[in-house]
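Chemist: Model the structure of this input:
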Amino acid sequence: MRLRTVDAFAVRPFTGNPAAVVLLDAAAFPDDPRLQALAAELNLSETAYAHPLTDADDADWALRWFTPTTEVDMCGHATLAAAHVLGDDGLLDEGGRVRFRTRSGVLGASRDADGSLTLDFPTAAPVPVPVPDSAREVFGAAPLAAWDTGPLQMLVLEFADERTVRDLAPDPAAVAALPASTVVVTAAAPAGSGNREPGHDFVSRVFAPAQGLPEDPVTGSAHTALAPLWSQRLGRATLTGLQVSRRTGEVRTTLRGERTLLTGRAVTVLDAELLTGL
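Modeler: Numbers count the residues shown, from 1 in each chain. Model prediction:
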């Protein structure tokens, strides 16, 4: 069985967010314990499994995502990685598109003329909520505001500036005690940075210790909430987000009402054979 590791939302190896991709020949997934065991063995933020759908009108492949400890409902970077692998294998349609059936509905992906990939995901409109009382103690800095993301199950916290976000060093156990399985921290980029080349409009980091990820390097799904938040603030539908983890990664967002387009690049860094079956 072939297994590939892809750095997603990356323009060069060893940046962005690594995801393992396993394309299955069968028309069904193996048992969940086997899928979880391989994801734990690989110990990447996500392992994506996909199998072809031969009798479905709404989708081309079934897709699931596993962290080292659990299955998740949505993952942007592993979807980008899966689309990248399908493109390399010549398995996209004539227009360079693919539709995935997932736990979050049907998600689209397409390969653009410049080689980048664009995901079509549901928008997670953020709703203002009170800042948790413990947030300042957890992060060592006071958030300016907080938002709930509904089904995305992420808590978004805004901080004063990009430097504050970069310098945060929270204890994973303290983050896990906050009222959300995943916490997204964000701030506007310095004035004018979005006009630089390269530039970005906002920054973020993502902490998910409750899902086995003390810090996720680049989180596509989080940008379905960051896009409407910052597009409304900055007055533009298309923005560039920079996730300022140690590996860093760039996500271009385009807000289209109930859908958000996430664009980035991907690089395959490992092509291997799994010597034990699923």
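Chemist: got the residue ranges for the strands in the stretch 151-278 of the chain?
Modeler: Ranges of strands in the stretch 151-278 of the chain, per DSSP state E, counting those that start in this stretch, are 154-158, 182-188, 202-208, 213-216, 238-243, 249-256, 259-264, 266-273.
Chemist: Tell me the helices and strands packed up against the last one.
Modeler: Which is strand 266-273. Where contact means 3 or more C-beta pairs under 8 Å, 6 or more residues apart in numbering; DSSP states H and E, strand 266-273 is packed against strand 2-8, helix 76-88. (Each C-beta comes from the backbone N, C-alpha and C, glycine too.)
Chemist: Partner strands of it and their direction?
Modeler: strand 2-8 (antiparallel) (DSSP bridges).
Chemist: likewise the first one?
Modeler: Sheet pairing of strand 154-158 (DSSP bridges) gives strand 145-148 (antiparallel), strand 182-188 (parallel).
Chemist: For the nearest residue to residue 211 once chain neighbours are set aside, give me phi and psi.
Modeler: Distances taken as C-beta to C-beta, 6 or more residues apart in numbering place residue 67 nearest to residue 211, at 5.2 Å, with adjacent residues excluded. Note on residue 67: its backbone torsions stand at phi -80, psi 180 [degrees, to the nearest 10].
Chemist: and residue 276, what does it touch?
Modeler: With C-beta atoms under 8 Å, 6 or more residues apart in numbering as the criterion, no residue contacts residue 276.
Chemist: ok, 10 Å please
Modeler: Applying C-beta atoms under 10 Å, 6 or more residues apart in numbering, one finds that residue 276 lies in contact with 1, 34, 37, 38, 41.
Chemist: Filter these down to the buried ones.
Modeler: residue 38 (16 or more other C-beta atoms under 10 Å).
Chemist: just the helices in the stretch 51-200 of the chain please.
Modeler: 76-88, 135-139, 162-167, 172-176 (DSSP state H, counting those that start in this stretch).
Chemist: Point out the one among the helices and strands packed on strand 266-273 that comes closest to residue 254.
Modeler: helix 76-88 (13.8 Å; C-beta to C-beta).
Chemist: Would you indicate which residues of that closest one are buried?
Modeler: 76, 77, 78, 79, 80, 81, 82, 83, 84, 85, 86, 87.
Chemist: ok, and the closest non-adjacent residue to the fifth one?
Modeler: Beyond its immediate neighbours in the sequence, the residue positioned closest to residue 80 (C-beta to C-beta, 6+ apart) is residue 8, lying 4.4 Å away.
Chemist: Throw the helices and strands packed on strand 266-273 into JSON lines and include mean pLDDT and distance to residue 110, thanks.
Modeler: Formatted as JSON lines, those follow (pLDDT from 0 to 100; distance: least, C-beta to C-beta, whole Å):
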{"stretch": "strand 2-8", "mean pLDDT": "98", "distance to residue 110": "15"}
{"stretch": "helix 76-88", "mean pLDDT": "98", "distance to residue 110": "8"}
